[in-house]
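Trainee: sharing a model that was predicted from the sequence below.
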Amino acid sequence: MNDQQQTLWQFMQEQSDKLLTQTLEHIGLTFISLFLAVLVGLPLGILIARKRKLSGSVLGIAGILQTIPSIALLGFMIPLLGIGPKPAIVALLLYALLPIIRNTYTGITGVDAAVKEAATAMGMSQWQILSKVELPLAMPVILAGIRTATVITVGVATLASYIAAGGLGEFIFGGISLNNTNMILAGAIPAALLAIIFDFLLSRVQNLNLKKINTATKVLPLILIVLASFYLIPSAYGSKLTAGFTPEFMGRQDGNLGLKSKYGLKIHTIVISDAVMYKAAYEKQLDVISGYSTDGRLKAYGLVVLKDDKGIFPPYYAAPIVREESLKQFPELEQTLNLLSGKINDTVMTELNYRTDYLHESPERVAKDFLVSQNLWKPERGGKDGVVRIGSKIFGEQYILANMYSMLIKGYTDYDVSTKTGLGGTKICFDALTNNQIDFYPEYTGTGLLVILQPPTKTINLVEASKEKTYNYDKQEFESRYHIKWLQPIGFNNAYALMMRQKQAKDLNVRTITDLKNYLERK
Amino acid sequence: MIKVEHLSKHFGKVKAVDDISFEVAEHETLVLLGTSGCGKTTTLKMINRLIEPTHGKIFISNKNILEQQAEILRRGIGYVLQNNGLFPHYTVGENIAIVPQLLKWDVKKIQHRVSELLEKLHLSNDYLNVYPNELSGGQQQRVGLARALVANPPVLLMDEPFGALDNVTKAKIHGEFKALDELKRKTIIMVTHDVQEAFELGDRICLMDAGKIVQTGVPTELLFKPKNNFVRDFLNEQRLELEFKAIKPPPPPEGGTFELHGKALPSDASLWWVLEQLKFTEGESIFIFDPQHKKVGELRFEELMSAFYQYKKEQADE
């Protein structure tokens, strides 16, 4: 336990620059959104308190916005506003609206009718009644709304890193992808602290007496603006091109760290989720992205892979990995799975991925079409000799492979199949396999090496130079450590790759990563 | 001073106020009396345009108030509410100073006027910086009254001003209310459902029912010359007390005075008040003095009763 804490502390010290930047970004993002939400929500709340007929529809719409899952809302924003802070701020603003509108409305309508009547009867104008009577009396309730909105926003702002808006989410999601607990905590703890601190401070303001609240409400907008401006400080840098890398890529030796150390690549980088990265590159919001070499969107969005001339990305050849016990239990399994071996190269896999990812055909149909075209497809035999459990990770290519294997097993053997697709990341899939929850799933040689086996750097440098060495090392180690067998590779190499738009790469005459680096260093 | 002509207010199909007309003379107190829902509060609120009339005209000092800007009009009319409507986030001092601030008086003048009023209403200056929720009900009502009076409006509208007070506090405030010199210079319209209060404070009473005025007159007119059974029934429950309060002892000879227990009786003393003062001991009576302060006779219980009987008989014969 002590050891764990020390390492977290060390991690945070080591990454203190990044941590500070991310925290400031997080605070800035939260308060820009909050400030705008107050700017929109307060007048709306006042409006519906005046025109009660509107209250149902306004509160209804704000309520519906609140129920949209945060990631989905961020997703909706991309076609409208692209990536980066703009869509993130708008999404956060929409989340913060409901509590602010609702509490303003409740606060104002809750002001004692006799007090309002007295104010009118003494000759106050509508504006004076609002500013001198209704708002001050409603202020504790309104502040409670802002307090709720703040806590929501601090929380949801972690998701902003999905669309390259920065914040503490970069650590959290990077940590989840990399299975790095310290990294997760380095993001999660400050985020939680921020929520607790702001909640506490606002609770203090809220509990002041009515007199002091009025002074406080005059100072609060200023504080909001100051906090909001934090966001501008870290983003005041730039370069000729902008790169968007996934949180996972950012933290990997065979990712951004390698680009820096082996190529000396210096590029303005933002962190973004894999889901929106390709589209953002296509829409010219990003110039360089970290993709996968067989991704269907490569074809869909007209991107080109830059050649890894210094070989920092290890080979990621896909092959099914199977529990040895399962191979004994299902004697025909190995030969059936090997039917696919060598049948799919990079181009074919990209084409198949293109059909699912971009043309939105079902993985099942794509799998069947391919098997039929290869004369591998056979009708089901209606298996009765036990059930083979297939796992897959949560992306298109794995779904296609899982479907192909399922059809092959049903057609060539008497086994039945159950598929457990969408098993999150490597860690989840692999744990399912070792804990006998599934019998096999398709894995990549590079992942096996770097994520699961994690040998010392020396060994890595030794084995990742060639496809065969990596495969053989994986095969040997998996057998001895986990009693899991690597079957024959399917053929394609789904490695990390840097990619750019074809046209831009051609215009800039960039073909390799070294070309890119040279272009960036040219003044 | 205040003239209301054919005033109506309809809420949908309900005629809350139905074609009423009345006048209030300068420095007069008119009480709008009636049960809940009779339209008395609606009528009052139309006079400072908290409610806009459906039909009819209202004149204050011969000016049609419906042609004036509502805010400006209201700053010239004092308004006292049942639940006082004090601003909970303002101190007593700030509450009283609201209208002068709207009128942009200078700070010194406001301060001076506020403390002057506090003194007149028997509230010490210590209360200036206290919030309304720290005051008793009676004190809150006094502050409410001070707030209405602060800018010296010629007209005062009062909506059940003492309705939320207990009987003891109410009696005390009634006394102060009658004694307050500021109020003697005001034209007042007061709404109440309390018959006793109406008789005690009103110069004239306007009894309303179902949006219409049933009878307007001085208290004795309502008592002894009720226009119809509604008026008679409305007052029936407290009739005896009201009558004793309405009837005065037979007047002393021109320029003379009454004295009881060695003190002169106030000129407006009612039979009720006199009877309350009597201790009913042997030989006790009210002495009658002529202008030269020479004792010319006395009033005993028997004479008082006979005066009451006479008065009633006269009213009945008319």
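Mentor: All right, it came through fine. Numbering: from 1, shown residues only, chains lettered A, B, ... in the order given.
Trainee: any idea of the pLDDT on the residue in the stretch 101-250 of chain B that chain A sits nearest to?
Mentor: In the stretch 101-250 of chain B, no residue comes nearer to chain A than B:Leu102, which is 5.6 Å away by Cβ to the nearest Cβ. In this view, the C-beta of every residue, glycine as well, is placed from N, C-alpha and C. pLDDT for B:Leu102: 90.
Trainee: ok, how many other residues are close to it?
Mentor: 19 (other Cβ atoms under 10 Å in any protein chain shown).
Trainee: now B:Lys313
Mentor: B:Lys313 has 10 neighbouring residues, counting by other Cβ under 10 Å.
Trainee: who touches it in this structure?
Mentor: B:Lys313 makes contact with no residue, according to Cβ atoms under 8 Å, 6 or more residues apart in numbering or on different chains.
Trainee: now the closest residue to chain B within the stretch 301-450 of chain A, what's its secondary structure?
Mentor: Scanning the stretch 301-450 of chain A for the residue nearest chain B gives A:Gly424, at 53.8 Å (criterion: Cβ to the nearest Cβ). Here A:Gly424 is recorded as coil under DSSP: H, G, I helix; E, B strand; the rest coil.
Trainee: I figured it hits A:Gly391, correct?
Mentor: No - with contact defined as Cβ atoms under 8 Å, A:Gly424 does not count as touching A:Gly391 (10.5 Å).
Trainee: picking that back up, how many residues are close by the residue of the stretch 301-450 of chain A closest to chain B?
Mentor: For A:Gly424, the tally of surrounding residues (other Cβ under 10 Å) stands at 12.
Trainee: B:Gln238 now?
Mentor: The local packing of B:Gln238 (other Cβ under 10 Å) involves 14 other residues.
Trainee: thought it was touching B:Gln196?
Mentor: Yes - using Cβ under 8 Å, B:Gln238 makes contact with B:Gln196 at a distance of 6.4 Å.
Trainee: give the contact list for the residue in chain A that chain B sits nearest to.
Mentor: Nearest to chain B, among the residues of chain A, is A:Ala118, at 3.0 Å (Cβ to the nearest Cβ). Residues near A:Ala118 by Cβ under 8 Å, 6+ apart: B:Tyr79, B:Leu81, B:Asn84, B:Gly85, B:Leu86, B:Phe87.
Trainee: list the buried residues in the helix or strand harbouring it.
Mentor: Using DSSP states H and E, A:Ala118 sits in helix A:113-121. Under the neighbour-count criterion of 16 or more other Cβ atoms under 10 Å in any protein chain shown, helix A:113-121 has A:Val115, A:Lys116, A:Glu117, A:Ala118, A:Ala119, A:Thr120, A:Ala121 buried.
Trainee: and stretch B:274-287, by the same measure?
Mentor: By neighbour count on 16+ other Cβ under 10 Å, the buried set for stretch B:274-287 is B:Val274, B:Ser285, B:Ile286, B:Phe287.
Trainee: least confident pick among the residues you listed?
Mentor: For those, the weakest pLDDT value sits at B:Ser285, with 74.
Trainee: show the pLDDT at the residue nearest to that one when sequence neighbours are not counted.
Mentor: Computed as Cβ to Cβ, 6 or more residues apart in numbering or on different chains, the closest residue to B:Ser285 that is not its neighbour in sequence is B:Glu298, at 4.2 Å. pLDDT for B:Glu298: 78.
Trainee: what's near enough to touch B:Glu298?
Mentor: The contact partners of B:Glu298, taken as Cβ under 8 Å, 6+ apart, are B:Ser285, B:Ile286, B:Phe287, B:Ile288.
Trainee: dump the residue contacts of B:Phe199.
Mentor: Contacts of B:Phe199 (Cβ under 8 Å, 6+ apart): B:Ile205, B:Pro219, B:Leu242, B:Lys245, B:Ala246.
Trainee: how far off centre is the helix or strand containing it?
Mentor: Assigning secondary structure by DSSP H and E places B:Phe199 in helix B:195-201. Chain-centre distance of helix B:195-201: 7 Å, with Cα atoms, centre = their mean, to the nearest Å.
Trainee: kindly export the helix or strand following that helix (C-alpha atoms) in PDB.
Mentor: Next along the chain after helix B:195-201, taking DSSP H and E as the criterion, comes strand B:204-209. Taking Å, rounded to 0.1, in the frame of the first residue of the first chain, the C-alpha atoms of strand B:204-209 are listed here in PDB:
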ATOM      1  CA  ARG B 204     -67.700  56.100   7.100                       C
ATOM      2  CA  ILE B 205     -68.300  52.500   6.200                       C
ATOM      3  CA  CYS B 206     -69.000  51.000   2.900                       C
ATOM      4  CA  LEU B 207     -70.500  47.500   3.300                       C
ATOM      5  CA  MET B 208     -70.000  45.300   0.200                       C
ATOM      6  CA  ASP B 209     -71.400  42.000  -0.900                       C
END
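Trainee: which residues touch strand B:204-209?
Mentor: Taking Cβ under 8 Å, 6+ apart as the rule, strand B:204-209 contacts B:20, B:22, B:24, B:28-35, B:38-40, B:43, B:198-199, B:213-219, B:222, B:230-231, B:234.
Trainee: get me the contact residues on the stretch 101-250 of chain B for chain A.
Mentor: Residues of the stretch 101-250 of chain B found near chain A (Cβ under 8 Å from any Cβ of the partner chain) are B:Leu102, B:Arg147, B:Leu157.
Trainee: apply 10 Å and report the result again.
Mentor: By Cβ under 10 Å from any Cβ of the partner chain, the part of the stretch 101-250 of chain B that sits against chain A consists of B:Gln101, B:Leu102, B:Leu103, B:Tyr131, B:Pro132, B:Gly144, B:Arg147, B:Ala148, B:Val150, B:Ala151, B:Leu157, B:Asp159.
Trainee: do you know how far the third one is from A:Pro363?
Mentor: When you say that, I think you mean B:Leu103. Relative to A:Pro363, B:Leu103 is positioned 78 Å away (Cβ to Cβ, to the nearest Å).
Trainee: quick one: A:Met60 from B:Thr54, how far?
Mentor: Not Met; residue A:60 is Gly. To B:Thr54, A:Gly60 is 35 Å away according to Cβ to Cβ.
Trainee: returning to what we had before: give me the buried subset of the contacts of strand B:204-209.
Mentor: Looks like those have B:20, B:22, B:24, B:28-34, B:38-40, B:43, B:198-199, B:213-217, B:219, B:222, B:231, B:234 buried, using 16+ other Cβ under 10 Å.
Trainee: before we move on, the earlier item: model confidence for the residue of chain A closest to chain B, exactly?
Mentor: As predicted, A:Ala118 sits at a pLDDT of 92.
Trainee: overlap in contacts, A:Gly424 and A:Gly391.
Mentor: A:Ala432 (Cβ atoms under 10 Å, 6 or more residues apart in numbering or on different chains).
Trainee: let me see the mean pLDDT of the host helix or strand of B:Arg147.
Mentor: B:Arg147 is part of helix B:137-149 when elements are defined by DSSP H and E. Average pLDDT, helix B:137-149: 89.
Trainee: what is that helix packed up against?
Mentor: helix A:113-121, strand B:77-80, helix B:92-96, helix B:98-102, helix B:107-120, strand B:155-159, helix B:167-179, helix B:181-184 (3 or more Cβ pairs under 10 Å, 6 or more residues apart in numbering or on different chains; DSSP states H and E).
Trainee: just the ones you listed: most buried one?
Mentor: The highest average neighbour count among the helices and strands packed on helix B:137-149, using mean count of other Cβ atoms under 10 Å in any protein chain shown, belongs to strand B:77-80 at a mean of 26.
Trainee: so what are the sheet partners of that strand and their directions?
Mentor: Strand B:77-80 has its sheet partners listed here by DSSP bridges as strand B:155-159 (parallel).
Trainee: the residue of the stretch 301-450 of chain A closest to chain B touches A:Gln398, doesn't it?
Mentor: No - A:Gly424 lies out of contact with A:Gln398 (Cβ atoms under 10 Å); the separation is 11.2 Å.
Trainee: what comes up buried for the longest helix along chain A?
Mentor: Counting residues, the longest helix in chain A under DSSP state H turns out to be helix A:16-50. In terms of neighbour count (16+ other Cβ under 10 Å), helix A:16-50 has its buried residues at A:19, A:21-38, A:40-42, A:44-46, A:48-49.
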